[in-house]
Every structure is written in C-alpha cells, then in structure tokens.
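>>> Build me a model from this:
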Amino acid sequence: MMFPKIPILLISGPVGVGKSTVGRQVAEILEAKRIPHTFVDFDQIRYTYPRPANDPWGNQLGLENLRAIWRNCSRSGSLNLILSYVVEESLFIKSLLKVIPEGDVFTVQLTASLESLNSRLTAREEGSALEWHLNRSVELKSILARSTTPRDHLIDTDSRAAIDIADEIFNVVKWRLQ
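Predicted coordinates for the structure are as follows:
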C-alpha cells in the first residue's frame, strides 16, 4: 500500500532573516484554512548543553527529537510539516528524510541585505550573542549564495512584511489537505 507523501516546508536563510517569524505566519495561514500542520523551529529542539563532540551543532539530537515530535503530531492528525532552520548543504535534507522517509521536502531560502540582517539582529540580540550573530550572518550569506545550497524557491525579505512572504510561500507549496 502506498501512502501519500508528507509535504515538508523547510524555511532556510541566514540568522536574522526571519525564518521563524515567517514559519509562524505560514502556520497561521494553514490554520485559518483548516489545513492540518505542525510548525517546528529546529533550533529550539536541538539546543542543549553540553553537546556531544561528534554533534557540535546538535543536529543529530534535533533530528531524533523531530522524529518523536512528528510521530506524535501525525498521530494527532497533522499532515504537513513546516520546519525553520539554516540549511547549508543537502546532507541535512538527506538526514531529515531518514527521520521522515515519507517526506517530500520543499526548501524556501529567505535572503536579505547585510544591512537588513544587521538591523534585525541588533534589535533582538545583546552582548556577545549579538557579535556572534552579526559575524555568522556574514558567513552564512556567503555560504547560502553558493549554487550547491539547497533551494527550490528564493525570496528576498528586504522591505517585505512576514505575512506577504508567508502568502507567497503558501501559494508555491503543494500542501496535503487529507
């Protein structure tokens, strides 16, 4: 028996670009349209201290946590997954599909100017965290611009409201309705 694929919207982009904010907006659109879904900010389920030496970013822990979250949410009726996370290479998507093998990943990469990223980060971060995020945004902007970086759809977020970006994303993803 063949089961339908699970749409996995993967929202990527550098720190400060609005991945989590846009993900929440997409989730609100789906809820308003009564489309069963789950939204997970991957950073939140992978963040722990200490991390194993062989998993410095906590990705393996996050993927195992995601497996459990998706199992529970799909049992409750969820049919679509929205995931926000910085995706630097296709290896993450391969690992994600090992955790949710019936998934069909659609990657949206959000982008913004360094000026916008710096402004957003300065508004939300403080102290050493601010410095780290500012440096990381420059590094990620370069990494994510590579042609090998996974992306099915690219959206510039400069001067755009999160709800408008979410509307665009809603219209390009093939959501599972039942």
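
>>> Output the below-cut-off pLDDT ranges for this protein.
Scanning the chain with the threshold set as pLDDT under 70 gives 1-3.

>>> ok, longest strand in this protein?
The residue-count maximum for a strand in the chain (DSSP state E) belongs to strand 103-111.

>>> need the contact list for Lys141.
Neighbour list for Lys141: 14, 111, 114, 117 [criterion: Cβ atoms under 8 Å, 6 or more residues apart in numbering]. In short, each C-beta sits where N, CA and C put it, glycine included.

>>> other SSEs contacting the strand or helix carrying Ser20?
Assigned by DSSP states H and E, Ser20 belongs to helix 19-32. Applying 3 or more Cβ pairs under 8 Å, 6 or more residues apart in numbering; DSSP states H and E, we find helix 19-32 packed against strand 6-12, strand 38-41, strand 81-84, helix 162-172.

>>> Pick out the residue closest to the middle of this structure.
Ser84 (1.6 Å; Cα atoms, centre = their mean).

>>> just checking, it touches Val26?
No - using Cβ atoms under 8 Å, Ser84 is not in contact with Val26; the gap is 9.4 Å.

>>> on that earlier part again, and which of the contacts of Lys141 is nearest to Asp152?
Set against Asp152, the nearest of these by Cβ to Cβ is Thr111 (13.9 Å).

>>> Distance-wise, check that closest one relative to Ile100.
26 Å (Cβ to Cβ, to the nearest Å).

>>> neighbouring contacts of the helix or strand following the longest strand of the chain?
As assigned by DSSP H and E, the chain's next helix or strand after strand 103-111 is helix 114-124. Residues outside helix 114-124 that contact it (Cβ under 8 Å, 6+ apart): 14-18, 112, 130, 133-134, 137-138, 141, 157-158.

>>> anything in contact with each of Ser84 and Val26?
With Cβ under 8 Å, 6+ apart, Ser84 and Val26 have common neighbours 11, 39.

>>> Now do the buried residues in stretch 89-107.
For stretch 89-107, a neighbour-count test (16 or more other Cβ atoms under 10 Å) marks 92-93, 96, 99-100, 103-107 as buried.

>>> before we move on, what about stretch 111-120?
By neighbour count on 16+ other Cβ under 10 Å, the buried set for stretch 111-120 is 111-112, 116-118, 120.

>>> so who does the closest residue in space to Ile163 that isn't next to it in sequence touch?
Spatial nearest neighbour of Ile163, excluding adjacent residues (Cβ to Cβ, 6 or more residues apart in numbering): Gln25 at 5.3 Å. For Gln25, the contacting residues are 162-163, 165-166, by Cβ under 8 Å, 6+ apart.

>>> Let me have those in a markdown table, extended by distance to Leu10.
Shown next, in a markdown table, are the contacts of Gln25 (distance: Cβ to Cβ, whole Å):
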| residue | distance to Leu10 |
| --- | --- |
| Ala162 | 17 |
| Ile163 | 20 |
| Ile165 | 15 |
| Ala166 | 15 |
